[in-house]
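Colleague: test case, fold it:
(chains A and B)
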Amino acid sequence: MRFTNLFAPTLRQDPADADVVSHRLLLRAGYIRRVTSGVYDLLPLGLRVLRHIETIIRQELDAAGAQELLLPMVQPAELWQQSGRWDKYGRELLRLVDRHDHASCLGPTHEEVICHLVAGDLRSWRQLPMNLYQIQAKFRDEVRPRFGLMRGREFTMKDGYSFHADDEDLAREYDHMFATYQRIFRRLGLNFRAVEADTGSIGGNRSHEFHVLADSGEDLIAYCTECDYAANVEKAISGRAKPLATGNEQPLAQVATLGVTEVDAVAKLLDIAPSQLVKTLIYRVTGGELDGKTIAICIAGDDQLQEIKLQRAIHAEALEMASDAEITEAGGVIGYIGPQGLTCPLFADTALQAACDLIAGANQNNTHLRHLSMPRDAANAHYFELRQSCADDQCPHCGGTIALARGIEVGQVFALGRQYTEPMEVGFQDRDGKRATATMGCYGIGVSRLVAAIVEQCHDEAGICWPMAVAPFQVALITLGNGEMVTEASAELYQQLTEANIDTLWDDRKERPGVKFKDAELMGLPLQLVVGERGLKDGMVELKPRQGEKQLILLADALSHCLQSVANPQ
RNA sequence: CGGGGUGUAGCUCAGUCUGGUAGAGCGCUGCCUUCGGGAGGCAGAGGCCGGAGGUUCGAGUCCUCUCACCCCGACCA
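Modeller: Numbering: from 1, shown residues only, chains lettered A, B, ... in the order given. The predicted structure follows:
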């Protein structure tokens, strides 16, 4: 491609509304433009990168035995009503009504549609297993889209679904897809980590997320520095670095804490560690057996409640901090809430299970209690793992040290089981001649998000630094000046490179050298091949990897050098 | 949905407090000079100051309403 034919408007200054590096660079380098909140145009350069990522995904999935198909974006409400998600999915599901007053939605994910398809044609166990995938635009009406391609409302996703005769075979395919995902992300040149994950609203019983490690990531993951354990903090379980004190049961005693309510302030006033305090939080529950009820949660003073864990533990759909009135009704005194004397159900973190000699609110103004013993004074508590993992925690598997890192979730695999196949009636006749329901797995990759995630990990001061495997062009052929000699040599090189199937962007613009170098670096092309009069006099050109040193080479050797650098990038 | 912020030239932004002819830099067009790291000169083009209503002799500026976008939070495969 000649630069003069390429639509790639680069910006000299940073766009005002982009704070995150990938968003900023993709806008500046002419890869994307915003249409409206969370919706982007993918310009030719952006599309090239996306296509390269798709190609790697296709190659690996096809090799793994999956088949590509394409499902519709507009889906009838009936399918979602059948699975039960029409009412459950919430406002992220963009619903529309057509001219016949028929309700539909834009697909945020395709479990219903694929089950409908498979249910229609599945007859026998002999047809199983099958693994079907598609790469397609998804729409989720996110409450707060942000960071460019990182969290859009419309985005490109690879979603795959597998169907099996039994859970054993599903487990096999789950592991197979897990390994395939690792190969895909490795080929993309990413520093990533697979972590155990909560199954969220998609449901199911086993799930891993794949995270690209980056400080701008929206997720927090906990991992062991000594073994393979890694999990999203929404799910991670780890032991406190310093267990809480047990034994030593002394009688409860009131202590005046006039106007002091915050954990750190109380700890300071009483000259104790924050871990010796118990925080009591009051929530209102939506969904599940406790629907509409108020509940109390106890957690160590220096721990944070992980709400997702609580939600899972009590099978709730949503949690909200209780209002002042609800707290009072439950017997709590705001600022001095403690487990004793509350009238609502009490849940506590397992770290507190045997803890004694604690300080807690007394449910009395300006008063705390000393020597609180959870087993003795909060005997009605139900214990669950509710605290969020912290750095320096103990690994549950090997006892090693836990560390935290930020991650961008770029893929997730779920063993769904029969959660969708039951209501969608995906049945077949098993080898004993009996009717059976298929079991299902689903596997997603955020393709457009990957574009952003790669930039987050591969950039420097000057711009993007694409891995060779996904770069929109592999070589930036930069012609310096307009002389006949350099133009002819460049044209010759351009033809050679193109014929050798090397994606080459020939900067044939009448621009000064600085402009060309800056644009090539901003765009992040992995190799620069520079043709200038200075070198050409001696039959030489320059080859420079995006982040490496430049090398003078013979014009005659340029093609073979490029072939080698493309095949074996630094 | 709560909190904060921004809308003026293609981009980045001044001008708004204190009402009085619409500005700068970069980019863009033409010409000249320059030609190895976002050059210099000259001449130009480009604006319903997000939108609607109001106050005023007069509104980018003041008032009311509204829309869009960004950030933090809540939420979220």
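
Colleague: so residue A:169 lies in a helix, does it not?
Modeller: Yes: counting by DSSP: H, G, I helix; E, B strand; the rest coil, residue A:169 is located in a helix.

Colleague: and it, how far is that from residue A:561?
Modeller: 49 Å (C-beta to C-beta, to the nearest Å). Quick note: C-beta positions are derived from backbone N, CA and C, even for glycine.

Colleague: now residue A:39
Modeller: Here the criterion is C-beta to C-beta. By it, residue A:39 lies 42 Å from residue A:561.

Colleague: more neighbours: these two, which one.
Modeller: More crowded of residue A:39 and residue A:561, by other C-beta atoms under 10 Å: residue A:561, with 16 against 13.

Colleague: so that one, which of the three states?
Modeller: Residue A:561 ends up helix, using three-state DSSP.

Colleague: also the one 4 residues further on?
Modeller: Each residue gets one of three states, and residue A:565 gets helix by three-state DSSP.

Colleague: tell me, how many residues neighbour the spatially closest residue to it that is not a sequence neighbour?
Modeller: Spatially, and ignoring its direct neighbours in sequence, residue A:565 is nearest to residue A:527 (5.5 Å; C-beta to C-beta, 6 or more residues apart in numbering). Residue A:527 is flanked by 25 other residues according to other C-beta under 10 Å.

Colleague: ok, the one 10 residues further on next?
Modeller: Residue crowding around residue A:537 was assessed by other C-beta under 10 Å; the count is 9.

Colleague: how close does it sit to residue A:485?
Modeller: For residue A:537, the distance to residue A:485 - C-beta to C-beta - is 8 Å.

Colleague: and residue A:352, by the same measure?
Modeller: Counting by C-beta to C-beta, the gap from residue A:352 to residue A:485 is 80 Å.

Colleague: so what does the closest residue in space to residue A:489 that isn't next to it in sequence have for phi and psi?
Modeller: Using C-beta to C-beta, 6+ apart and skipping residues adjacent in sequence, the residue nearest residue A:489 is residue A:531, 5.4 Å away. With angles defined as degrees, to the nearest 10, residue A:531 sits at phi -110, psi 110.

Colleague: again with the one 5 residues further on
Modeller: Dihedral angles phi and psi of residue A:536 (degrees, to the nearest 10) take the values phi -60, psi -30.

Colleague: ok, it - contacts?
Modeller: A:485-486, A:489, A:555 (C-beta atoms under 8 Å, 6 or more residues apart in numbering).

Colleague: how about 6 Å then?
Modeller: A:485-486, A:489 (C-beta atoms under 6 Å, 6 or more residues apart in numbering).

Colleague: returning to what we had before: the residue nearest to residue A:489 pairs with what?
Modeller: Beta-bridge partners of residue A:531, counted by DSSP bridges, are residue A:479.

Colleague: now for the longest strand seen in chain A, which elements pack on it?
Modeller: Ranked by residue count under DSSP state E, the longest strand found in chain A is strand A:402-417. Contact partners of strand A:402-417 among helices and strands, from 3 or more C-beta pairs under 6 Å, 6 or more residues apart in numbering; DSSP states H and E: helix A:167-187, strand A:206-213, strand A:219-224, strand A:439-446, helix A:447-457.

Colleague: pull out the buried residues from the helix or strand following that strand.
Modeller: Using DSSP states H and E, the next helix or strand after strand A:402-417 towards the C-terminus is strand A:427-429. Neighbour-count burial for strand A:427-429 flags residue A:428 (criterion: 16 or more other C-beta atoms under 10 Å).

Colleague: show residues contacting strand A:427-429.
Modeller: A:122, A:124-125, A:435, A:437.

Colleague: among the residues you listed, which ones are buried?
Modeller: By neighbour count, with 16+ other C-beta under 10 Å, the contacts of strand A:427-429 hold A:122, A:125, A:437 as buried.

Colleague: can you tell me which of these is nearest RNA strand B?
Modeller: residue A:437 (21.5 Å; C-beta to the nearest atom of the strand).

Colleague: just the strands in the stretch 251-400 of chain A please.
Modeller: A:253-256, A:278-286, A:294-300, A:318-321, A:346-349, A:358-361, A:367-372, A:382-384 (DSSP state E, counting those that start in this stretch).

Colleague: strands paired with the first one, and their directions?
Modeller: Each strand paired with strand A:253-256, and its direction, by DSSP bridges: strand A:367-372 (antiparallel).
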